[in-house]
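Engineer: Need a 3D model of the following:
(2 chains)
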Number of protein chains: 2
Amino acid sequence: MMAQTMPNFLQKRAFLTPDRPAISYLDEQLTFKQLYERSYKTAEGLAAIGVKKGSFTGVLVKNSLNSAIFLYALQLLGATAVMLNNRLSEAELSYQLNDANADFLIYEASFEDLAADAASPIPNIKTFPLEELDSVEGAECAIEEEVSLDAICTVMYTSGTTGNPKGVLQTYGNHFWSAAGSALNLGLSLDDTWLCSVPVFHISGYSILMRSAIYGMHIVLHSHFDAKKSIEDIVEKKVTIMSVVGTTLARIVDELGEGRLPETFRCMLLGGGPAPLPLLEACQSRNIPVYQTYGMTETASQSVTLSPEYSLAKLGSAGKPLFPVSLKIQLPNGKEAANGEEGEILLKGANVTQGYLNKPKETAEKIIDGWLHTGDIGRLDEEGFLYVLDRRTDLIISGGENIYPAEIESVLLSHPEVKDAGVAGVPDSKWGQAPAAFIVPREEHAPSIEALRQFCLERLAKYKVPRDFYLATELPRNASNKLLRRKLPDLIGERGQ
Amino acid sequence: MMAQTMPNFLQKRAFLTPDRPAISYLDEQLTFKQLYERSYKTAEGLAAIGVKKGSFTGVLVKNSLNSAIFLYALQLLGATAVMLNNRLSEAELSYQLNDANADFLIYEASFEDLAADAASPIPNIKTFPLEELDSVEGAECAIEEEVSLDAICTVMYTSGTTGNPKGVLQTYGNHFWSAAGSALNLGLSLDDTWLCSVPVFHISGYSILMRSAIYGMHIVLHSHFDAKKSIEDIVEKKVTIMSVVGTTLARIVDELGEGRLPETFRCMLLGGGPAPLPLLEACQSRNIPVYQTYGMTETASQSVTLSPEYSLAKLGSAGKPLFPVSLKIQLPNGKEAANGEEGEILLKGANVTQGYLNKPKETAEKIIDGWLHTGDIGRLDEEGFLYVLDRRTDLIISGGENIYPAEIESVLLSHPEVKDAGVAGVPDSKWGQAPAAFIVPREEHAPSIEALRQFCLERLAKYKVPRDFYLATELPRNASNKLLRRKLPDLIGERGQ
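Structural biologist: Model prediction:
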């Protein structure tokens, strides 16, 4: 059977609702018609330098109107975007460009040196600054008026604990089904406006661009997260939905003080792990409906969501799998877990990746009979709500016991004097590994280590209580503000106990 | 590549939102959990009489809670429902059951004689009354927890002008994409309630059942269309959306008198051809937002929709193809028509059927490179709005000129003394065919034929003016109230001019 096709997302959207607002950035706002025209012009520039259907094109940008237009232009041409994290070192970038066998690297001018260094070892790669695309003599270009749902729209690299980063293939179908699943969960209103301050090079941000075209929805794009600016735009631009992680949500709550968000705001979509109780309570009293989610690059964003009405009753849960998604928990023996039993989280659905670029072996290990083996550990409660115990890559094994850092962090974060907390395994001569805690104190109350230890002892099995406590001013996080637990031990040398 | 799967629609919905209202019928209302439990019980009954995954099961029912439950039960088992129009003669039913090689015929008790007669020539078919399913000793049954998007959910027969009816294959994927396309157009609110008074054995009604499970949306089911009851439920049950055709919409408007629908009502989804201007104006003044649509059994319901804001500016248009759907107009020479040129309407998308049951030749003629050749004639205006000039099967060819009945009917319906009008070709010794008009007058004003002819002469090219005018008390319509133009000439013998 032939692969299903769909009309080109942005072109179709501009045809259907040309005059609706599509995107706002700083003081500029474009309708879908204008966005399409700008993207078309950029596509002509790309065509002039040789980008065409099937070209693998490295993308090294920040969030900006220009970069959004550029990403749509690649879709118009049917080129595949290799989305590069702009915090990577040149060696890491080179690795990914080489692995993807990229034909092009398009970069924002501010990354000129980094781009040149990253591209230098790559044979036959052509680099070009984004800002100059509009001033090249545009070439006639063939717009992909129909896209195959199996065509690769984007490649995003993810790292495991072992081995090199792998390029996750994301098809147009993956993106469409992700957007459809989200709409079936959150509903879809003509008045919706989604605030995007998460990076567009991550699936959290890119998926917002996709939803905009698919839903005909206005998005407000920020170059980076800023709590004050977020609140300002939620009020002034009538934002209804925003994507956050725990820390950015906490900063919004802090910034709000005793204030509340307007009634028009209807969804704070929270990724990157469950929010601790005090934060959820603070949100509730400020009219912030929090939807906790669980998802990953391999599932083209959220796959499991917890509605706000369950926030407290199901504290710590990521909720239930979206309508098009199937989920099961698998025991180490390969059997499906009963409710309550811990095991690996498996996901299946049309939003799930076909696999990793040029890595048939890793793909076959990770996707079996259509089920993505996430490597994350979780359990379902008796009603089928998912609790993600931890990402397997962060698992601490101590004296034969499994220790999940998130569980300990959740306890630490509920302590009134703790602003942020991370837990990672450190070598231990007796047990192999032991958990160590990294604490960012609230400025006005420096917590006593002994009090923290006691606090944990009262709430956790003894073997789970951190052996060491370190105070820090800031924890290592990636561009999406997700805690990088594997980098926590690096703090020890610098700051000490 | 493996076919995509999804969770069983109703089972997943009952898991996600067990306590939301799912369906109301008469005085009964079921939540999704209750609906699932009832469907599960019926599935056990079906399993006891031998229905299982892959069984082709004839369905001879009216709209009722029981029949809705039964249709979901078939989905739980993975059986294919062969949807029978309960207005058919026994010979017509036998033809379809035989063509589908049906294993079972499940019927409502009121159709017992018809079912027995229809089934008698079919070898090995098992018949069973719907009402008794719940009282058989249920067998353990295997629920299809995952459905393949390529699996055949339903078969619905359509007739062309020539040849026998053909069974249109509708997959779970077709139904899902149809529902997704509709939601991307109409939006999706937690408060939505869809009134279904169109037959569930037609795609117009069945698609509402599907949307209910996919969206988690309450539906109000009526056994048949009743203008007064419709208005009552729109008000009392807070209906937000209703599916109608021109005549049923006109009856609602008549029944409303000077009244208006409540603000909560947001969409009258109009199928079966464009509404005439006076009806649209009457709707506008009564707060009835009319969405005109174009779709067919082969596209699992609406594929093209006109939003209310364009009702008057684009009078007679069916609008633009839904987000996931592609459309083009093809000239007789096989080339794509320019805007403004008439030709055959072609549709493509994941909602489009894979073809006709056991009819590879007809399928290959009708679906070419994924494009469904609808047989209908249309054109696009300069902004891409579709005008359906006529269903090709109704085309009147007179002296080498193409005449489209809908165009003439639209004129006749705009005459204040005309309540209903249909136009069909009748044999003509000089021109081959000539148009004849069939008029249902408003009771209080019997129109003069000469006045009507003059009215047409003022509004139509001379060759389009009907040669004959016949008065009638009622026009032949199918169970969806769609005008059956090919049956109009039968009125001549009975009623005369």
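Engineer: Can you pull up the residues of chain A that come close to chain B?
Structural biologist: Neighbours of chain B within chain A, by C-beta under 8 Å from any C-beta of the partner chain: A:1-2, A:4-7, A:12-13, A:15-16, A:145-146, A:149-150, A:176, A:180, A:183-184, A:187-190, A:214-216, A:320-321, A:323-326, A:348-350, A:354, A:370, A:384. The C-beta positions use only the backbone N, C-alpha and C, and glycine is treated the same way.
Engineer: Just the buried subset of the residues you listed, written out for PyMOL, thanks.
Structural biologist: To isolate the buried ones among the residues of chain A next to chain B in PyMOL, judged by 16 or more other C-beta atoms under 10 Å in any protein chain shown, type:
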select buried, chain A and resi 4+5+6+7+12+13+15+16+146+149+150+176+180+183+184+187+188+214+215+216+320+321+323+324+325+326+348+349+350+354+370
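Engineer: To what extent is A:Asp233 buried, counted in neighbours?
Structural biologist: Other residues lying near A:Asp233 total 19 when counted by other C-beta atoms under 10 Å in any protein chain shown.
Engineer: quick one: it and B:Glu362, what's the gap?
Structural biologist: A:Asp233 is 56 Å from B:Glu362, where distance means C-beta to C-beta, to the nearest Å.
Engineer: how about the spatially closest residue to A:Leu188 that is not a sequence neighbour, what does it touch?
Structural biologist: The shortest distance from A:Leu188 to any non-neighbouring residue, by C-beta to C-beta, 6 or more residues apart in numbering or on different chains, is to B:Leu188 (4.5 Å). Contacts for B:Leu188 (C-beta atoms under 8 Å, 6 or more residues apart in numbering or on different chains) come out as A:Ala183, A:Leu184, A:Gly187, A:Leu188, B:Tyr215, B:Met217.
Engineer: Do you have the helices of the stretch 251-400 of chain A handy? List them.
Structural biologist: Under the criterion DSSP state H, counting those that start in this stretch, the stretch 251-400 of chain A contains helices at A:277-285, A:360-366.
Engineer: ranking these by burial, who's on top?
Structural biologist: helix A:277-285 (a mean of 17; mean count of other C-beta atoms under 10 Å in any protein chain shown).
Engineer: Counting by contacts, list what the host helix or strand of A:Gly181 packs against.
Structural biologist: Taking DSSP states H and E as the criterion, A:Gly181 maps to helix A:172-186. Counting contacts by 3 or more C-beta pairs under 8 Å, 6 or more residues apart in numbering or on different chains; DSSP states H and E, helix A:172-186 packs against strand A:152-158, helix A:203-215, strand A:301-306, helix B:172-186.
Engineer: so the longest helix along chain A versus helix A:203-215, what angle?
Structural biologist: Using DSSP state H, we find that the single longest helix of chain A is helix A:32-48. Helix A:32-48 runs at 120 degrees relative to helix A:203-215, counting by axes from the mean of the first three to the mean of the last three C-alpha atoms, to 10 degrees.
Engineer: could you measure A:Gln29 against B:Val388, distance?
Structural biologist: Note on A:Gln29: its distance to B:Val388, by C-beta to C-beta, is 36 Å.
Engineer: Neighbour count: the two, which is higher?
Structural biologist: Set side by side, A:Gln29 and B:Val388 show more neighbours around B:Val388, with 21 against 16, by other C-beta under 10 Å.
Engineer: what's the closest non-adjacent residue to the more buried one?
Structural biologist: Excluding the flanking residues, the one nearest B:Val388 by C-beta to C-beta, 6+ apart is B:Gly378, at 4.7 Å.
Engineer: before we move on, back to that, dump the contacts of B:Leu188 to JSON lines, plus pLDDT and distance to B:Ser223.
Structural biologist: Below are these laid out as JSON lines (pLDDT from 0 to 100; distance: C-beta to C-beta, whole Å):
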{"residue": "A:Ala183", "pLDDT": "97", "distance to B:Ser223": "32"}
{"residue": "A:Leu184", "pLDDT": "96", "distance to B:Ser223": "29"}
{"residue": "A:Gly187", "pLDDT": "96", "distance to B:Ser223": "30"}
{"residue": "A:Leu188", "pLDDT": "96", "distance to B:Ser223": "31"}
{"residue": "B:Tyr215", "pLDDT": "98", "distance to B:Ser223": "23"}
{"residue": "B:Met217", "pLDDT": "98", "distance to B:Ser223": "20"}
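Engineer: Tabulate the residues you listed in a markdown table, adding columns for distance to B:Asn98.
Structural biologist: As requested, the contacts of B:Leu188 are exported to a markdown table (distance: C-beta to C-beta, whole Å):
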| residue | distance to B:Asn98 |
| --- | --- |
| A:Ala183 | 42 |
| A:Leu184 | 39 |
| A:Gly187 | 45 |
| A:Leu188 | 44 |
| B:Tyr215 | 36 |
| B:Met217 | 37 |
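Engineer: For chain A, give me the ranges with low pLDDT.
Structural biologist: Counting by pLDDT under 70, the low-confidence segments of chain A come to A:1-2, A:159-164, A:390-393, A:395, A:397, A:399-402, A:445, A:493-497.
Engineer: any idea how far the residue nearest to the spatial centre of it lies from B:Ser429?
Structural biologist: Centroid check for chain A by C-alpha atoms, centre = their mean gives A:Ser204 as the closest residue, at 3.6 Å. A:Ser204 sits 73 Å away from B:Ser429, going by C-beta to C-beta.
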